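S.K.: Could you look at this predicted model? Sequence included:
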Amino acid sequence: MRLSIRTLTLPAVAACLALLATAPGAAAAPQDRDRGPDIGIGIGIGIDLDLGNLLGGSYRSAWLTGAAEVPGPGDPDGRGTARVVVGYDEVCVSLAVTRIGTPTAAHVHRGAAGTAGPVALELRTPGNGRSRTCTDVDPDLARELRRSPSQFYVNVHNAEYPAGAVRGQLRR
């Protein structure tokens with residue numbers, strides 16, 4: 001028997017909503033606007049439905065270090081975090097960096113670990129070590145970020161390290 005995504009989606013969504021409705025206090029629990037629950041359903045025939053988008057977006061993150069910068073070198077003392085919430089057609093990124101010179105730019109790039117890639121999203125440059133960017137994106141890019149976060153990385157540049165002071169690969 002061959003099942004299509006259409007025949008599986010409605011029952012899967014209904015099952016999730018039923019589970020949420022029956023969980024005590026689940027519907028009333030406050031949610032952080034920046035990070036909705038990341039709920040997915042694995043179906044035994046190899047389909048992974050990411051339902052987090054229905055409930056506020058999918059959460060991705062990265063640890064940024066100078067050692068991860070490619071081609072390098074990055075700032076050996078630099079550290080940071082990136083928190084990424086991916087919606088249907090919007091991406092919000094919160095950055096925090098420390099122990100680097102004054103940042104001059106920040107981006108989300110396409111590229112697997114150990115490779116340098118093109119800029120996929122321009123981010124606000126962290127001032128005082130922090131920034132937050134929300135931007136509209138093509139739904140196809142948002143889908144890629146949700147499904148294959150390890151194919152993207154976040155980096156922050158400064159004058160001393162113009163190719164990148166710190167970098168971190170996105171992960172679920």
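M.R.: Received, thanks.
S.K.: would you say residue 142 is within a strand?
M.R.: No: going by DSSP: H, G, I helix; E, B strand; the rest coil, the assignment for residue 142 is helix, not a strand.
S.K.: For it, which residues are in contact?
M.R.: 86-91 (CB atoms under 8 Å, 6 or more residues apart in numbering). C-beta here means a position set from N, CA and C on the backbone, and glycine is covered the same way.
S.K.: Could I get the pLDDT score of it?
M.R.: pLDDT, residue 142: 96.
S.K.: and the next element down the chain from the lowest-mean-pLDDT helix or strand in the chain?
M.R.: None of the helices or strands of the chain scores lower by mean pLDDT, DSSP states H and E than strand 47-50, at a mean of 45. For strand 47-50, the following helix or strand on the C-terminal side (DSSP states H and E) is strand 58-65.
S.K.: can you tell me the average pLDDT over that following strand?
M.R.: pLDDT averaged over strand 58-65 gives 95.
S.K.: can I get the CA coordinates of it in CSV?
M.R.: Below are the C-alpha coordinates for strand 58-65, written out as CSV (Å, rounded to 0.1, in the frame of the first residue of the first chain):
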residue,chain,number,x,y,z
SER,A,58,11.4,25.7,14.7
TYR,A,59,14.3,26.4,17.1
ARG,A,60,17.9,26.0,15.9
SER,A,61,21.1,27.0,17.7
ALA,A,62,24.9,27.3,17.3
TRP,A,63,27.9,27.6,19.6
LEU,A,64,30.3,30.1,18.0
THR,A,65,34.1,29.8,18.4
